[in-house]
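Undergrad: one predicted model, sequence on top.
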Amino acid sequence: MPNLHDIERRINSVSSTKQITRTMEMVAAAKIRRATEHVDNATPYAESMMEMLANVAERVGGSENALLRKHDEVKNVLVVAVVSDRGLAGGFNTNVLRHVEHLMKDKQAAGAEVKIVACGKKAGGYFTYRKVEPVLEFKDCSADPTVDEAAAVAAYAIDGYEKGELDEVIVVYNHAKNAAEQTLREELVLPIDTEVLLADSGLSPEAQAETEHASALTGDVVFEPDAAGVLDRLLPAYVRTTIYHALIDSAAAEQGARRTAMKSATDNANEVVELLTRLYNRVRQGAITTEISEIVGGAAALEE
């Protein structure tokens, strides 16, 4: 059985760790609101972009834009893995990275070559260690993504798809369902399927009712310069918006996952401290009992 000094030192060590995890939990909780507000502010724009793109594509009818054409064979796939720069967030990074790795194996088994865009240090390190060099890598901005990062990824994807060097572009990230729950998402960014945009836009019932009412109204829509020209401008903007929304959504999910992980660590530390305190008291009581027994025994020996 350990002595009192060892148990006391262990209690102090766990208590110090508990202070760190508790502080990280509070910091993550404070950042959740800002990250969630960022997502909430960007969501209406993303939904409107989807709705507008679907409506314009419907009016144009057929389009020769390269971003709408589905390639006959899928030989080159670009996967955008969105994770965090830091750990201590439970399975936040592991879930995305393992899903991307399984996706790579499935695509390669089907005869496709897979390229990786790593958004977050953990993704870069994970794939580099496995001898998969990312074609693009972004660091130190997972908690606060920028439009420039999304634009760089979108530009690479669009350029490769238009040149025929890419046949599919997929983004994998964690969606912030709420402050305590995250869900893994895999979204096909390219080719763009205008028929499913409205279904995937996530419009609220009120917004859907307004859309149905507006579509019931008769009238002509004037496009400048023309509907096809507007569609050609909307398609790259839609790709940038989709990728940026995935980045900020992942940032909000990261804070929620870290808060949950640190709360669990703090609770576990409290349990360990409680158990060690009980053990400390039991050992101390045993030591005192032993001393009393020795004193009584010694006194009885003297009397004899």
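TA: Received it, and whenever you're ready, just let me know what you need.
Undergrad: let me know the secondary structure of residue 78.
TA: strand (DSSP: H, G, I helix; E, B strand; the rest coil).
Undergrad: touching, it and residue 113? I think so.
TA: No: in this structure residue 78 lies outside contact range of residue 113 using Cβ atoms under 8 Å: 9.9 Å. C-beta coordinates here come from the backbone N, C-alpha and C atoms, glycine included.
Undergrad: and these two? which has more neighbours close in?
TA: residue 78 (25 against 14; other Cβ atoms under 10 Å).
Undergrad: just the strands in the protein please.
TA: Under the criterion DSSP state E, the chain contains strands at 76-82, 113-119, 136-138, 168-176, 182-190.
Undergrad: make JSON lines from the ones you listed and add distance to residue 40 to it.
TA: Formatted as JSON lines, those follow (distance: least, Cβ to Cβ, whole Å):
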{"stretch": "strand 76-82", "distance to residue 40": "19"}
{"stretch": "strand 113-119", "distance to residue 40": "21"}
{"stretch": "strand 136-138", "distance to residue 40": "24"}
{"stretch": "strand 168-176", "distance to residue 40": "10"}
{"stretch": "strand 182-190", "distance to residue 40": "16"}
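Undergrad: go through these and name the closest to residue 246.
TA: In terms of Cβ to Cβ, the element of the strands of the chain nearest to residue 246 is strand 168-176, at 4.8 Å.
Undergrad: elements contacting that closest one?
TA: With contacts taken as 3 or more Cβ pairs under 8 Å, 6 or more residues apart in numbering; DSSP states H and E, strand 168-176 sits against helix 4-60, strand 76-82, helix 92-109, helix 147-162, strand 182-190, helix 227-303.
Undergrad: tell me what angle it forms with strand 76-82.
TA: Per axes from the mean of the first three to the mean of the last three Cα atoms, to 10 degrees, the angle that strand 168-176 makes with strand 76-82 is 20 degrees.
Undergrad: please tell me how far the closest residue to residue 283 other than its chain neighbours sits from residue 150.
TA: Distance criterion Cβ to Cβ, 6 or more residues apart in numbering; nearest residue to residue 283, sequence neighbours excluded, is residue 4 at 5.8 Å. Distance of residue 4 to residue 150, given as Cβ to Cβ, to the nearest Å: 58 Å.
Undergrad: which helix or strand in this structure has the lowest average pLDDT?
TA: The helix or strand with the lowest mean pLDDT-type score in the chain, counting by mean pLDDT, DSSP states H and E, is helix 205-216 (a mean of 50).
Undergrad: I'd assumed residue 285 was in contact with the residue nearest to residue 283.
TA: No: if you go by Cβ under 8 Å, residue 4 and residue 285 don't touch, sitting 10.8 Å apart.
Undergrad: which of those two has more residues huddled nearby?
TA: Ranked by neighbour count (other Cβ under 10 Å), residue 4 and residue 285 place residue 4 first, with 13 against 10.
Undergrad: distance of the more buried one relative to residue 15?
TA: Counting by Cβ to Cβ, the gap from residue 4 to residue 15 is 16 Å.
Undergrad: could you do residue 75 as well?
TA: In terms of Cβ to Cβ, residue 75 sits 57 Å off from residue 15.
Undergrad: how about residue 92?
TA: Distance check for residue 92 against residue 15: by Cβ to Cβ, it reads 27 Å.
Undergrad: who has more neighbours, these two?
TA: Between residue 92 and residue 15, counting by other Cβ under 10 Å, residue 92 is the more crowded of the two (26 against 14).
Undergrad: what's across from residue 168 in the sheet?
TA: Per DSSP bridges, residues listed as beta-bridge partners of residue 168: residue 77.
Undergrad: brain fart, residue 113
TA: Here residue 113 sits in beta bridges with residue 76, as judged by DSSP bridges.
Undergrad: list the contacts for it?
TA: 75, 76, 77 (Cβ atoms under 8 Å, 6 or more residues apart in numbering).
Undergrad: restricted to buried residues, select the residues you listed in ChimeraX.
TA: Here is the ChimeraX selection string for the buried members of the contacts of residue 113, based on 16 or more other Cβ atoms under 10 Å:
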select :75,76,77
